[in-house]
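Q: For reference, the sequence and a predicted model appear below.
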Amino acid sequence: MQAIRSLFIPEWSSNVRLEGKTAIVTGASGGIGKETAKDLAGRGARVILACRDMAKGEQAARDIIREVKGAKVVAKLLDLADTKSICLFAESVYNSEKALHYLINNAGVALCPYSLTVDGFETHFGVNHLGHFFLTYLLLDMLKFSAPSRVINLTSVAHNIGKIQFDDLKSEEGYHPAKAYAQSKLANVLFTRELAKRTEVLGVTTYSVDPGSVNTDITRHVPHFLQNFVKTFSYLIKTPAEGAYSTIYCIVTPENQLLTGGHYKDCAKIESCRAGQDDATALKLWAISCHMLGVRWR
């Protein structure tokens, strides 16, 4: 089993230190986000755990402080389904932090029953894409001030089957959770691509990351027969710590060894699907996202 597992889950490590650096990890109360925050704290970075559930977020902070000697972590409230919460979070960051070097847009929802965010967006698109788009927009000045800095957007292999339904982004004409999820994950890749073009000259680089198949509670809405399948073949599924490898890789690897706007998996650059490389679609998505959020981002 271990030999087979090694084919699907490459080992990776780095001893790069991050003293003097500050990072934000969304969705850091558990899973990949918590393991990412723990790794960064272990490297000496100050880490803000951006969490929708503050009880879980504060517990995650206590866990990391207990497990990592000298860890500098703090939990802050962030609900990506509510633009008002995103604004309050960004304001808190500007008030409490002197710099921001890494923004890890890790949080996400998957295969949810149909619902809308506080602002009336379909939940997958609203949380996975628009929430992180808006958060990045609000924190860009701090990222520019702290340059060189990096934005990491977590996506999924599901982006390969995604299609941006520009005429029905709220899924009002028909809803399928897998299609909605795949659309939001393709949006993450396209956002990364367009953001890279706009921020590289500012010293802000950006990467989309597919963590692979990881055992986290994001699968809670997956049908039971698929959950049983995952349990049966668990030796092919990454732990949350292993799922964080590619994110950490895109944080600690020297900039000249990475391609801004690139897509990464298993600590290596790979090609996204053809739709994820469509510059015209990326630009259109950017413009519509700004319109939906009521912002001007040139």
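A: Yep, it's here. Numbers count the residues shown, from 1 in each chain.

Q: which of the residues in the longest helix along the chain are buried?
A: When the chain is scanned for its longest helix (criterion: DSSP state H), the result is helix 177-199. Within helix 177-199, the residues that count as buried by 16 or more other C-beta atoms under 10 Å are 177, 179-196, 199. Heads up, the C-betas are built off the backbone N, CA and C, glycines and all.

Q: Now do it: which elements does it pack against?
A: helix 132-145, strand 149-154, strand 204-210, helix 279-293 (3 or more C-beta pairs under 8 Å, 6 or more residues apart in numbering; DSSP states H and E).

Q: what's the angle between it and helix 132-145?
A: 20 degrees (axes from the mean of the first three to the mean of the last three C-alpha atoms, to 10 degrees).

Q: Show me how far helix 177-199 is from its chain's centre.
A: Distance of helix 177-199 from the chain centroid (C-alpha atoms, centre = their mean, to the nearest Å) equals 11 Å.

Q: pLDDT (mean, whole number) over that helix?
A: Mean per-residue pLDDT for helix 177-199: 97.

Q: Equivalent analysis for stretch 39-48, please.
A: Per-residue scores along stretch 39-48 average to 98.

Q: now swap in stretch 78-97 and tell me
A: For stretch 78-97, the per-residue pLDDT averages 98.

Q: what does stretch 252-266 give?
A: Rounded mean pLDDT across stretch 252-266 is 97.

Q: One more: stretch 52-70?
A: Rounded mean pLDDT across stretch 52-70 is 98.

Q: coming back round to it: run the angle between the longest helix of the chain and strand 149-154 for me.
A: 170 degrees.

Q: now the angle between strand 204-210 and helix 177-199, please.
A: Using the same axes, to 10 degrees: helix 177-199 against strand 204-210 is 160 degrees.

Q: Helix 177-199 versus helix 279-293: what angle between them?
A: 100 degrees.

Q: Return the alpha-carbon coordinates of helix 177-199 using PDB.
A: What follows is helix 177-199, C-alpha atoms only, in PDB (Å, rounded to 0.1, in the frame of the first residue of the first chain):
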ATOM      1  CA  PRO A 177     -24.200  21.100  -6.900                       C
ATOM      2  CA  ALA A 178     -21.400  19.500  -8.900                       C
ATOM      3  CA  LYS A 179     -21.700  22.000 -11.700                       C
ATOM      4  CA  ALA A 180     -21.900  24.900  -9.400                       C
ATOM      5  CA  TYR A 181     -18.800  23.700  -7.500                       C
ATOM      6  CA  ALA A 182     -16.900  23.100 -10.700                       C
ATOM      7  CA  GLN A 183     -17.800  26.600 -12.000                       C
ATOM      8  CA  SER A 184     -16.500  28.200  -8.800                       C
ATOM      9  CA  LYS A 185     -13.200  26.200  -9.000                       C
ATOM     10  CA  LEU A 186     -12.700  27.200 -12.600                       C
ATOM     11  CA  ALA A 187     -13.300  30.800 -11.500                       C
ATOM     12  CA  ASN A 188     -10.500  30.500  -9.000                       C
ATOM     13  CA  VAL A 189      -8.100  29.500 -11.800                       C
ATOM     14  CA  LEU A 190      -9.300  32.300 -14.100                       C
ATOM     15  CA  PHE A 191      -9.100  34.900 -11.300                       C
ATOM     16  CA  THR A 192      -5.500  33.800 -10.600                       C
ATOM     17  CA  ARG A 193      -4.600  34.200 -14.300                       C
ATOM     18  CA  GLU A 194      -6.000  37.700 -14.600                       C
ATOM     19  CA  LEU A 195      -4.800  38.900 -11.200                       C
ATOM     20  CA  ALA A 196      -1.300  37.900 -12.100                       C
ATOM     21  CA  LYS A 197      -1.300  40.200 -15.100                       C
ATOM     22  CA  ARG A 198      -2.400  43.200 -13.100                       C
ATOM     23  CA  THR A 199      -0.200  42.800 -10.000                       C
END
